[in-house]
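Participant: only geometry, no sequence info:
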């Protein structure tokens, strides 16, 4: 689920139908929607909203959580995997989990979207919005876009990358993708195919924090995204434009830290922004979106 900085554009409700579900990893599914061939007005990187109240199977869970929280359950935001030029609408959802003592409430919508959404299901989505998008004037801003993602933070960046390869083919891309293990990598096959099709303009680097793995067909490093990693694969940091997306500190992290009298520990987003600050990257060259 995405949270973004900045203003939102005017949005509308659209009824779509699930035409395909694609299992990406053990806990992640891409949901492809049939839209009735309507022209969809959105930008690469936008997200849509899905209201859990439309699913009868969730009624009792929704009611319980609303009693516990004392408020109505809001729609959830999911970044689009599809790009505007593609003839389908798709989002990729990672299943949220409940961890005792860590997560305040069990997840409501993502388990259904990942595991129990049959083809043919009609869904009302609200879209499309969010400031984490590829600027229209990207070619006048840079010739090198650097994607730094973790986990499902790759979703909007894939939309941006697919769109840019078609509409801005001269721009170079470096995709630095952090995950715990290779089994957690979303879009591994897609990224490989895109890299093979555009070897001169796309470099993909996988950073695995909990696994040492070698693969002759992939560029894999052990560890997390660091200043050294960015320097190695992005020597032209001053002229590059950075798109950073991944888990960030949530309001529950902040509340839990306040209750303990501490400060919340940085997550991927905060750690990566610190790396870019250490490298002297100007803030107006950094686009960011948090998940959590």
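Facilitator: Noted; the coordinates are in hand. Everything numeric in this text was worked out from a predicted model, so none of it was measured.

Participant: residues near the closest residue in space to residue 45 that isn't next to it in sequence, how many?
Facilitator: Of all residues not flanking residue 45 in the chain, residue 133 sits nearest, at 3.9 Å (C-beta to C-beta, 6 or more residues apart in numbering). Where C-beta positions appear, they are placed from N, C-alpha and C, glycine not excepted. Using other C-beta atoms under 10 Å, residue 133 has 24 other residues around it.

Participant: you'd agree residue 287 is in a strand?
Facilitator: Yes - under DSSP: H, G, I helix; E, B strand; the rest coil, residue 287 falls within a strand.

Participant: before we move on, back to that, before we move on, what SS does the residue nearest to residue 45 have?
Facilitator: coil.

Participant: what residues are up against it?
Facilitator: 43, 44, 45, 46, 160 (C-beta atoms under 8 Å, 6 or more residues apart in numbering).

Participant: My guess is the third one contacts residue 128. True?
Facilitator: No - taking contacts as C-beta atoms under 8 Å, residue 45 lies outside contact range of residue 128: 9.7 Å.

Participant: how close does residue 166 get to residue 194?
Facilitator: Note on residue 166: its distance to residue 194, by C-beta to C-beta, to the nearest Å, is 11 Å.

Participant: Neighbour count: these two, which is higher?
Facilitator: residue 194 (19 against 12).

Participant: For the helix or strand harbouring the more buried one, which residues meet the burial criterion?
Facilitator: Using DSSP states H and E, the element containing residue 194 is helix 188-197. Neighbour counts over helix 188-197 (16 or more other C-beta atoms under 10 Å) mark 188, 190, 191, 194, 195 as buried.

Participant: again with stretch 42-58
Facilitator: For stretch 42-58, the neighbour count (16+ other C-beta under 10 Å) marks 42-52, 55, 58 as buried.

Participant: Can you give me the end-to-end span of it?
Facilitator: Taking C-alpha to C-alpha, to the nearest Å, the first and last residues of stretch 42-58 lie 29 Å apart.

Participant: for stretch 74-82, same thing?
Facilitator: Where stretch 74-82 begins and where it ends lie 24 Å apart, using C-alpha to C-alpha.

Participant: Stretch 200-219 now?
Facilitator: Length of stretch 200-219, first residue to last, C-alpha to C-alpha: 15 Å.

Participant: mind listing what the residue nearest to the spatial centre of the chain touches?
Facilitator: The chain has residue 153 as the residue nearest its centroid, 2.8 Å off, counting by C-alpha atoms, centre = their mean. Taking C-beta under 8 Å, 6+ apart, we find residue 153 in contact with 244, 245, 246, 247, 268, 289, 291.
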